[in-house]
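Colleague: any chance you could fold what I've pasted below:
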Amino acid sequence: MSTTTSLQWLVVPEEIAAEPSRDLVGGKAWSLWRMRSLGLRVPPAFVVTTEACKAYFADGHMPDGLDEELVAGIRFLEQKLGRTFGGSERPLLVSVRSGAAVSMPGMMDTILDLGCNDTVEAALAAESGDPEFAAEVHRRFTGFYGRLVLGCTEELDELPDTAAVRAAIAEDVDATVPADPWEQLRAAVAAVFESSRSRRALAYRKHYGIPDDLGTAVTIQAMVFGNLDDDSGTGVLFTRNPVDGTREPYGEYLAGGQGEDVVSGRITPEPLSYLAARWPSVHAELLEAAECLDREGRDAQDIEFTVQSGELFLLQSRPAKRTARAAVRIAVALVDEGVLEPEEALSRVTADQIRTLLRPEIAAGAADDAEVLASGVPASPGVATGPVVDTPEAAQATPGSILVRKSTSPDDVHGMIAASAVITEQGGSTSHAAVVSRALDTPCVVGCGAGTVAALVGRTVTVDATTGRVYAGELPTSAADESEDHDLRRLTDWAERAAPLTVSTTAVLEPVFDADAAVEDLGGKLPDIPAGTRSVRGGIFCTLDGVRAAMDAGVEEIVTARRLPVLLAAVAHHRRIS
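Modeller: Predicted coordinates for the structure are as follows:
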């Protein structure tokens, strides 16, 4: 099966000789093709395309012919693996995962272990010799399906067995998980389509300026089990540190777990050194694959992997979400490594990231005698002060607030976007809270321990997400200076050469238009720049819209104390209009 057949809605990445369209198959499936083309071990998969998703919303139902093509796709996986979907011997289970063309980590739904029922559980128990493993697979799948397909709102993860999960689903939504694996599959694909229009996905796209009509592909991939035995596990590896950008592997490993356990934040995993000690050969293979993907991708990579009975499988590789500090360090390092030219490195760093990097820090000595209310893992650096709230709705309603949760999920994203900082009781540096906060460049401290929510709600605190501490009250801060940072100075030099205008700390060209003098009259709106103006100053011209307005008006110079963010905004706008 390949793209040259009569199939309308499916693509098989591993059978494509040429690079598939990312817009058609989504970033996740594109990464599967890329990894397989590099000779890395990837479980076989097929993809329901973004065109099918668009047709689903246009017609209000599954596209004509998709059901039959799903059967063809599953038959392909059965043939590859010698397994049978829903079979009583050597059963095939699959994951059903979203995959938009633009990466949106944690925003859309994933269903693992699909295809399980009572018959399959018995077959898994016989094949593995471990009835507890088979029962756990069935329990997990039932929970995934109940929550993501049937809409159950009850907490299902802590229930002891499949019967208890079924009972909770029935009580909450008066529905049951179908035993027919084909019915499961069709409903799961539709649920992933629907998740692309969820509140959390809409909020994420709005925040990042991503169009709402891109749709999502659905990757259907043969399961590998990190919870199969003592020699199995799952993890996440960043090829470069996503917090500070240093050139070293960064990640976590959870023995006996599945990928969802790591990213959910419900369980705190071990550092990668645990895998190195337990399985040095697997760890070495992982690092070799990571180096290959970093080099071929020309950027830091975020890699999901599973170890099944001592064998490494790669599930995804994508450009890593990173803090502003890491973005700067990685961009400069890639130039030094000969991977990027300076002009391309400028495109890897945004003006907003530099503004974030230059935000205030706790003043020297200010925290020495301050009361530490909580401490945890620093997941996304920065400092924020504000009142603590414990729901995303309260964060939206309280500007400048600090959101504290037991752990976050995609349903909390609208509150995380609104919050000045995020704190969690549970989870590690690759949990949902950590990954999303880094993408938002919001200060975040995770894994602060039980009781943190109750201890902090209602108080005013200062979050130092660089050290992982939460202090009582409001501490004084001090601002960084872009001229004192080696990497920022180099970016500034490159940006000065690439920018189509001059950015100065004092006005050189006349006449000068000062927007700050009319700020009350403007009400936050962009001013009309007088004809013939050569130089502008004022806070409004430090924003992205202000830089664009100045350039479009033919201004030759912008005056600001923070030069690099304005230079980068000017370079980016010039690139767009050229």
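Colleague: so where's the stretch 451-578 of the chain uncertain?
Modeller: Applying pLDDT under 70 to the stretch 451-578 of the chain picks out residues 480, 516-525.
Colleague: scratch that, the chain
Modeller: Scanning the chain for pLDDT under 70 picks out the ranges 1-6, 14-17, 101, 103-108, 208, 212, 259-260, 262-266, 480, 516-525.
Colleague: how about 50 then?
Modeller: Scanning the chain for pLDDT under 50 picks out 1-5, 519-520, 523.
Colleague: ok, for residue 118, nearest residue in space, not its chain neighbours?
Modeller: residue 179 (7.0 Å; C-beta to C-beta, 6 or more residues apart in numbering). For every residue, glycine as well, the C-beta is placed using N, CA and C.
Colleague: quick one, phi/psi of that neighbour?
Modeller: The phi and psi values for residue 179, taken as degrees, to the nearest 10, are phi -80, psi -30.
Colleague: again with residue 97
Modeller: Torsion angles, degrees, to the nearest 10, at residue 97: phi -130, psi 140.
Colleague: that one reaches residue 28, doesn't it?
Modeller: Yes: the pair residue 97 and residue 28 qualifies as a contact (C-beta atoms under 8 Å) at a distance of 6.2 Å.
Colleague: give the contact list for the closest residue to residue 473 other than its chain neighbours.
Modeller: Spatial nearest neighbour of residue 473, chain neighbours left out: residue 460 (6.1 Å); criterion: C-beta to C-beta, 6+ apart. Residue 460 makes contact with 385, 386, 387, 388, 472, 473, 474, according to C-beta atoms under 8 Å, 6 or more residues apart in numbering.
Colleague: which residues in the stretch 51-200 of the chain form helices?
Modeller: Using DSSP state H, counting those that start in this stretch, the helices of the stretch 51-200 of the chain run over residues 66-81, 118-128, 131-148, 162-173, 181-195, 199-208.
Colleague: the second one to helix 181-195, inter-axis angle?
Modeller: Direction vectors for helix 118-128 and helix 181-195, defined by axes from the mean of the first three to the mean of the last three C-alpha atoms, to 10 degrees, enclose an angle of 100 degrees.
Colleague: now helix 118-128: buried residues?
Modeller: When neighbours are counted by 16 or more other C-beta atoms under 10 Å, the buried residues of helix 118-128 are found to be 120, 121, 123, 124, 125, 128.
Colleague: redo the residues you listed as TSV? Include distance to residue 427.
Modeller: Below are the buried residues of helix 118-128 laid out as TSV (distance: C-beta to C-beta, whole Å):
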residue	distance to residue 427
120	31
121	30
123	34
124	29
125	32
128	29
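Colleague: test my guess that the residue nearest to residue 118 contacts residue 120.
Modeller: No: contact criterion C-beta under 8 Å: residue 179 and residue 120 do not qualify, at 9.4 Å.
Colleague: distance from the one helix or strand residue 285 maps to to the middle of the chain?
Modeller: Applying DSSP states H and E as the criterion places residue 285 in helix 280-297. Averaging C-alpha positions (C-alpha atoms, centre = their mean, to the nearest Å) puts helix 280-297 21 Å from its chain's average.
Colleague: so what does that helix touch, helix or strand wise?
Modeller: Where contact means 3 or more C-beta pairs under 8 Å, 6 or more residues apart in numbering; DSSP states H and E, helix 280-297 is packed against helix 22-37, helix 272-278, strand 301-308, strand 311-319.
Colleague: relative to helix 22-37, how tilted is it?
Modeller: Between helix 280-297 and helix 22-37, the angle comes out at 140 degrees (the same axes, to 10 degrees).
Colleague: buried residues, helix 280-297. List them.
Modeller: So helix 280-297, judged by 16+ other C-beta under 10 Å, has buried residues 282, 283, 285, 286, 289, 290, 292, 293, 294, 297.
Colleague: do the same with stretch 58-72
Modeller: Judged by neighbour count (16+ other C-beta under 10 Å), stretch 58-72 contains these buried residues: 62, 63, 66, 69, 70.
Colleague: how about stretch 354-362?
Modeller: Of all the residues in stretch 354-362, those buried under the rule 16+ other C-beta under 10 Å are 354, 355, 356, 357, 358, 359, 362.
Colleague: try stretch 460-477
Modeller: Using 16+ other C-beta under 10 Å as the test for burial, stretch 460-477 gives 461-471, 475, 477.
Colleague: want to throw the residues you listed into CSV with secondary structure and distance to residue 542?
Modeller: Shown next, in CSV, are the buried residues of stretch 460-477 (DSSP: H, G, I helix; E, B strand; the rest coil; distance: C-beta to C-beta, whole Å):
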residue, secondary structure, distance to residue 542
461, strand, 29
462, strand, 26
463, strand, 25
464, strand, 26
465, coil, 24
466, coil, 24
467, coil, 29
468, coil, 31
469, strand, 31
470, strand, 31
471, strand, 30
475, coil, 26
477, strand, 20
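Colleague: quick check: the residue nearest to residue 118 vs residue 379, distance?
Modeller: In this view, residue 179 and residue 379 are 41 Å apart by C-beta to C-beta, to the nearest Å.
Colleague: ok, these two, which is more surrounded?
Modeller: Neighbour tally, residue 179 and residue 379, criterion other C-beta atoms under 10 Å: the higher count belongs to residue 379, 30 against 13.
Colleague: mind checking the SS state of that one?
Modeller: Following DSSP: H, G, I helix; E, B strand; the rest coil, residue 379 is assigned to strand.
Colleague: list the contacts for it?
Modeller: By C-beta under 8 Å, 6+ apart, the residues touching residue 379 are 243, 429, 431, 433, 434, 437, 438, 444, 445, 446, 465.
Colleague: from the residues you listed, which land in strands?
Modeller: Residues of those located in strands (DSSP state E): 444, 445, 446.
Colleague: strand partners (parallel or antiparallel) of the helix or strand where residue 374 lies?
Modeller: Under the criterion of DSSP H and E, residue 374 resides in strand 372-375. Strand pairing for strand 372-375, determined by DSSP bridges: strand 469-472 (antiparallel).
Colleague: what's downstream of the strand it pairs with, the next helix or strand?
Modeller: Remark: after strand 469-472, the chain's next helix or strand is strand 477-478, criterion DSSP H and E.
Colleague: other SSEs contacting that next one?
Modeller: With contacts taken as 3+ C-beta pairs under 8 Å, 6+ apart, strand 477-478 sits against strand 361-362.
Colleague: thinking again about what came up before, what about the buried residues of stretch 354-362, which are in strands?
Modeller: residue 362.
Colleague: all helices in the stretch 301-450 of the chain, in order from the N-terminus.
Modeller: Here the stretch 301-450 of the chain has its helices, by DSSP H, counting those that start in this stretch, at 324-336, 342-347, 351-357, 392-397, 413-418, 432-440.
Colleague: buried deepest among these, which one?
Modeller: Compared across the helices of the stretch 301-450 of the chain, helix 432-440 shows the largest average neighbour count, a mean of 26 (mean count of other C-beta atoms under 10 Å).
Colleague: can you list contacts of that one?
Modeller: Here helix 432-440 makes contact (C-beta under 8 Å, 6+ apart) with 105-106, 207, 242-243, 263-265, 321-323, 377, 379-380, 405, 407-410, 413, 416-417, 422, 424, 427-428, 443-444, 446.
Colleague: coming back round to it: got the buried residues of helix 280-297 as JSON lines, with distance to residue 305 columns?
Modeller: Compiled in JSON lines, the buried residues of helix 280-297 are given as follows (distance: C-beta to C-beta, whole Å):
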{"residue": "282", "distance to residue 305": "9"}
{"residue": "283", "distance to residue 305": "11"}
{"residue": "285", "distance to residue 305": "10"}
{"residue": "286", "distance to residue 305": "6"}
{"residue": "289", "distance to residue 305": "8"}
{"residue": "290", "distance to residue 305": "9"}
{"residue": "292", "distance to residue 305": "13"}
{"residue": "293", "distance to residue 305": "11"}
{"residue": "294", "distance to residue 305": "14"}
{"residue": "297", "distance to residue 305": "16"}
